[in-house]
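Undergrad: Return atomic coordinates for the entry below.
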Amino acid sequence: MSDHETQSHPAQRPVEPDHPMVVEGGVLPGDTQFMFECMVEEFLREGTSSAQLERMMQDPNYQALYAAVETLGIDMCKQLLADAARRVGRHRVLFAEAIPMGCQHEEFPNVAPQVMSNIGKVKDHG
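TA: Next up, the predicted model:
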């Protein structure tokens, strides 16, 4: 057993030239338009707005979105984004503090209980 196999955490292992700690993407065959639609729907369901997605599509740091724009064109991607936003909306969750009537705890009189409200699907058109 080598020294690096006995260390418990990968961050403690030395970087090896043939195995750098860098994530690299690759190109796979498939339907780019379908992949783009799936990614956009997922981002919308996570609460990302259409405006944020348009900025992300033009940022090379978002490699998959950026590559889809390079392949399909910005106009087609904007249309697919608008279609997805109309179809699925955008999911948002609202967190609020509230003190229900008569629910003061005697040991913690100044602490409000946490209440979570799910406001569900919000139509997002930009």
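
Undergrad: Give me the buried positions along the helix or strand harbouring Glu70.
TA: Here Glu70, judged by DSSP states H and E, is contained in helix 63-72. Neighbour counts using 16 or more other C-beta atoms under 10 Å place Leu65, Ala67, Ala68, Val69 of helix 63-72 among the buried residues. In this view, the C-beta of every residue, glycine as well, is placed from N, C-alpha and C.

Undergrad: do the same with stretch 78-88
TA: For stretch 78-88, burial by neighbour count (16+ other C-beta under 10 Å) applies to Leu80, Leu81, Ala82, Ala84, Ala85, Val88.

Undergrad: mind saving the C-alpha coords of it as CSV?
TA: What follows is stretch 78-88, C-alpha atoms only, in CSV (Å, rounded to 0.1, in the frame of the first residue of the first chain):
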residue,chain,number,x,y,z
LYS,A,78,-33.5,32.6,-25.8
GLN,A,79,-36.6,31.2,-27.5
LEU,A,80,-36.2,27.8,-25.8
LEU,A,81,-35.7,29.6,-22.4
ALA,A,82,-38.8,31.7,-22.9
ASP,A,83,-40.8,28.6,-23.8
ALA,A,84,-39.5,26.7,-20.8
ALA,A,85,-40.3,29.7,-18.5
ARG,A,86,-43.9,29.8,-19.8
ARG,A,87,-44.2,26.0,-19.4
VAL,A,88,-42.7,25.5,-15.9
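
Undergrad: if we can go back for a sec, counting by contacts, list what the helix holding Glu70 packs against.
TA: If you count contacts as 3 or more C-beta pairs under 8 Å, 6 or more residues apart in numbering; DSSP states H and E, helix 63-72 packs onto helix 32-45, helix 50-57, helix 74-88.

Undergrad: Tell me what angle it forms with helix 50-57.
TA: Interaxial angle of helix 63-72 relative to helix 50-57 (axes from the mean of the first three to the mean of the last three C-alpha atoms, to 10 degrees): 80 degrees.

Undergrad: Much appreciated, bye for now.
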